[in-house]
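1. Have a look at this prediction, sequence included:
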Protein chains: 2
Amino acid sequence: MSKKAIILLSGGLDSITVLALAQQQGFSCYTLSFDYGQKHAAELIAAAKISKKYQVVAHKIISLGINAISGSALTDADIQVPTNNETTGIPVTYVPARNTIFLSFALGWAEVLGAQDIFIGVNAVDYSGYPDCRPEFIQAFQTMANLATKTAVEGKKIQLHTPLIQLTKAEIIQQGLALAVDYSATVSCYLADDNGHACGLCDACRLRSLGFQQAYQADPTLYQ
Amino acid sequence: MSKKAIILLSGGLDSITVLALAQQQGFSCYTLSFDYGQKHAAELIAAAKISKKYQVVAHKIISLGINAISGSALTDADIQVPTNNETTGIPVTYVPARNTIFLSFALGWAEVLGAQDIFIGVNAVDYSGYPDCRPEFIQAFQTMANLATKTAVEGKKIQLHTPLIQLTKAEIIQQGLALAVDYSATVSCYLADDNGHACGLCDACRLRSLGFQQAYQADPTLYQ
């Protein structure tokens, strides 16, 4: 029987690539998405379609009241998603403690399933402004996870997999295309409309578009 | 201006004591509770009343779809809360990764508020079967928290406070009574009815009742 793995699946370019990699490595994949009041809810529809296409064992969408604590352009109506490419430092699209929260739920589900492997598509290259995308954060979360759970107390170690952490967007795209990933099914844009069509202006759109250019690949993104 | 602190407030005996201690230490208190589909939802009503009585700056109840991943007697209709005092090892009332999830949200809110202090009423003595109540877990979470957030990257350290971690239930009650805590306002029972009245049989009731006995104090709990 193949080992079970939880894959955090936003419905974007990175997470579909991670899912394809986990399947290639022979894991039985369980995908996990979050409805946290993000403006670009089209990514959840994409996550559901991707989960179906990859015939994952189960896909769960967990509803979180993150907007109750607010603080990000991705969830707060009063903070605009920037479209002027002028961000320096930690961007306003940073959601406080988002990856910590997402990984905590993945940890809980892993424990329920008896899974010891969690995949997350964090990237320290393009998103260097997000503290919770750095290798030292991932390492510290894994150490904590191995003290937090029944699974760990029973001696079965939790392993976090971050196959994209040191790749450029172009390298991620090349890896995905080698695994026949269909990027037209993904939504990266922070301002995607209900059909999943992209704005072409936000940071996520810029990074994605540049990635396809640098990978010398046609960009299958549908724009508004 | 006094320092802000997030207090995880379940509405039970331990967390009200923690709130009283944090106020005594001069913190501006922000209380955080979770609606995670727990059977004993009366504790949320207690948490709201306690927050009002202690005139906290803000009280938030965050809704979490933890029941989507299931796995605990506290949230799953198919798993009975034990009332026979026969638990050994990790109890079925253990909610997978619960404290990890709760602390992650506290971390996110702390970041939004610019708070650096988080209080949690974990206890390693009475709840020795819960892996996420142990000092080594708390220490590992704090290390991770200080890599996870913008606050930490900017050099402002997050501090987790666990003032009850090495106390017996009787000692907790004695500390609380010294601070004039009204324990009749709290709900500990895993099977509390809608009025917050306790069953007297579950592990939480047994521990609480024994605590009052061992502290030589009258038990103000209202039973069903």
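-> Thanks, I have it.
2. hmm, who's touching the worst-scoring helix or strand of chain A on mean pLDDT?
-> Within chain A, no helix or strand scores below helix A:150-153, which has a mean of 79 by mean pLDDT, DSSP states H and E. Identification of contacts with helix A:150-153 by Cβ atoms under 8 Å, 6 or more residues apart in numbering or on different chains yields A:Ala110, A:Glu111, A:Gly114, A:Gln116, A:Ala145, A:Asn146, A:Ile158, B:Ile90, B:Tyr94, B:Pro96, B:Pro131. Bear in mind the C-beta positions are built from the backbone N, C-alpha and C, glycine included.
3. possible to save those residues as JSON lines with secondary structure and neighbour count?
-> Compiled in JSON lines, these are given as follows (DSSP: H, G, I helix; E, B strand; the rest coil; neighbours: other Cβ atoms under 10 Å in any protein chain shown):
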{"residue": "A:Ala110", "secondary structure": "helix", "neighbour count": "28"}
{"residue": "A:Glu111", "secondary structure": "helix", "neighbour count": "25"}
{"residue": "A:Gly114", "secondary structure": "coil", "neighbour count": "10"}
{"residue": "A:Gln116", "secondary structure": "coil", "neighbour count": "18"}
{"residue": "A:Ala145", "secondary structure": "helix", "neighbour count": "28"}
{"residue": "A:Asn146", "secondary structure": "helix", "neighbour count": "21"}
{"residue": "A:Ile158", "secondary structure": "coil", "neighbour count": "25"}
{"residue": "B:Ile90", "secondary structure": "coil", "neighbour count": "15"}
{"residue": "B:Tyr94", "secondary structure": "coil", "neighbour count": "23"}
{"residue": "B:Pro96", "secondary structure": "coil", "neighbour count": "26"}
{"residue": "B:Pro131", "secondary structure": "helix", "neighbour count": "24"}
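4. Assign the closest residue to A:Lys169 other than its chain neighbours to helix, strand or coil.
-> Excluding the flanking residues, the one nearest A:Lys169 by Cβ to Cβ, 6 or more residues apart in numbering or on different chains is A:Gly211, at 3.0 Å. Put simply, A:Gly211 is helix when judged by DSSP: H, G, I helix; E, B strand; the rest coil.
5. cool, and A:Lys60?
-> strand.
6. pretty sure it is touching A:Trp109, no?
-> Yes: with contact defined as Cβ atoms under 8 Å, A:Lys60 counts as touching A:Trp109 (7.1 Å).
7. Pick out whichever of those two has more residues nearby.
-> A direct count of neighbours by other Cβ atoms under 10 Å in any protein chain shown for A:Lys60 and A:Trp109 places A:Trp109 higher, at 25 against 17.
8. And chain B, is the helix or strand containing the more buried one touching that?
-> In this assignment (DSSP states H and E), A:Trp109 forms part of helix A:98-113. Yes: legend: contact between helix A:98-113 and chain B by Cβ under 8 Å from any Cβ of the partner chain is shown at A:Arg98, A:Asn99, A:Thr100, A:Ile101, A:Ser104, A:Phe105, A:Leu107, A:Gly108, A:Trp109, A:Glu111, A:Val112.
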